[in-house]
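# got a sequence here, can you model it:
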Amino acid sequence: MIRPDGFRGAAFGTTVEGDARNDENARRSMSRELGIPDHWASVTQVHGSDVVEAVSPGKLGEADAIYTTVSGLPASVGYADCVPIIVEGPDVVAVIHAGWRGAAAGVVEQTLDAMASSGHTPVRAAIGPAIGPCCYEVGDEVAAHFPFHVAETTWGSASVDLPSFVADRMNGLEVWRSAVCTFMSPDVYSYRRDRTKKRQVAVGWLPIDSH
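This next block holds a predicted model:
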């Protein structure tokens, strides 16, 4: 598990924790380790930019970002190459799943706007393991959405630096970034590498004593 420095309630899972989206034993084990309830809020991810507010645990429909102001309510998204993001404020936390479609559609900006519109101020963001520009080969139709973040894979083809793109969308927040590339690291699931259906999870929560 990866715990970003300076965050009160943020964790990025790895293969060690397993796929806690649907595996109740994995979720309970991860919850015990983190000291949080094992009933989480989650969404059906559709690579879009919709944001939902969680006021209780359970499935919240189709979306790619969740925010909550409820202390002790974990919110989660799954990832296996797309960029997982956890955003914290004094009394709010959000989790974001940003694939290239969602990133291009503004899922980060929409989430920050939703937090602010609800009267809460985001302060810091953590960007978890994701496929890096070393390995994220894309065609021209994808690269066209990210003209200032086009890069090159280690084998010489066009790629996109998606973690840097989302970092640049953080509107001046303090940003922590993982150095792990999901494609390169055997410690995390990668769809591009293995075509796996498994996902590790990013979990964000407000500690019970946060209010």
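# need the helix or strand of the protein with the lowest average pLDDT.
In the chain, no helix or strand scores lower on mean pLDDT, DSSP states H and E than helix 24-34, which sits at a mean of 92.
# residue 96 is in contact with residue 79, isn't it?
No: assessed by CB atoms under 8 Å, residue 96 is found out of contact with residue 79, at 9.9 Å. Using the backbone N, CA and C atoms, a C-beta is placed for each residue, glycine as well.
# the more surrounded of the two?
Per other CB atoms under 10 Å, whichever of residue 96 and residue 79 has more neighbours is residue 96, with 32 against 29.
# and that one, what does it touch?
Residue 96 sits next to 64-65, 77, 83-87, 107-108, 111 when contact means CB atoms under 8 Å, 6 or more residues apart in numbering.
# list the contacts for the nearest residue to residue 44 once chain neighbours are set aside?
Ranked by CB to CB, 6 or more residues apart in numbering and with sequence neighbours excluded, the top spatial neighbour of residue 44 is residue 62, at 4.8 Å. Applying CB under 8 Å, 6+ apart, we find residue 62 in contact with 43-46, 48, 50.
# now those: which count as buried?
Those of these that meet the buried threshold are 43, 45, 48, 50, by 16 or more other CB atoms under 10 Å.
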